[in-house]
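Participant: sequence first, predicted model second:
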Amino acid sequence: VQLQASGGGLVQAGGSLRLSCRASGSIRSIYAMGWYRQAPGKTRDLVAIITSGGTTYYDDSAKGRFTISSDNAKNTVYLQTQSLKPEDTAVYYCYADLLTTYGTRYTEWGQGTLVTVSS
């Protein structure tokens, strides 16, 4: 199983970016997907989660500015960001809580995509 994230880049404060992450491989089902982020010298922190049923959860820092969505048929999760602030600068990692075709349930991570917000 692999997760491929994309969509990061350099944006001015107040701007927006849309991150995407697609899971591929021997996947039977996905229970939830989401995004974490890690700023330089800091821990990896949760940003948002979406379950297969469409339930969402946001960290307080993301509420009202970020929107998580998914396309279950494509095993893809999106994070629409807006009103970006310099403190949103981080590497954004996607993850998937999934069941493989071999019957193994585990969490797979993407490689990360860098978001840089200039002031």
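Facilitator: Yep, that arrived. Small disclaimer: the values here were computed from a predicted structure and weren't measured. Numbering: from 1, shown residues only.
Participant: which helix or strand contains the residue positioned nearest the centre of the chain?
Facilitator: Residue closest to the average C-alpha location in the chain (C-alpha atoms, centre = their mean): Trp35, at 2.8 Å. If you go by DSSP states H and E, Trp35 is part of strand 27-38.
Participant: sheet partners, orientation included, of that strand?
Facilitator: Sheet pairing here is set by DSSP bridges, and for strand 27-38 it gives strand 44-51 (antiparallel), strand 90-100 (antiparallel).
Participant: which one of the ones you listed lies closest to Ser26?
Facilitator: Evaluated over the strands paired with strand 27-38, closeness to Ser26 peaks at strand 90-100, with 5.0 Å, by C-beta to C-beta. In short, each C-beta sits where N, CA and C put it, glycine included.
Participant: picking that back up, give me the contact list for the strand holding Trp35.
Facilitator: Here strand 27-38 makes contact (C-beta atoms under 8 Å, 6 or more residues apart in numbering) with 1, 19, 21, 23, 44-52, 68, 70, 72, 75, 77, 79, 88, 90-101, 103, 105, 112, 115.
Participant: could you turn the buried ones of these into a ChimeraX selection?
Facilitator: Buried residues within these, by 16 or more other C-beta atoms under 10 Å, are selected in ChimeraX with:
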select :1,19,21,23,44,47,48,49,50,68,70,75,77,79,88,90,91,92,93,94,95,96,97,98,112,115
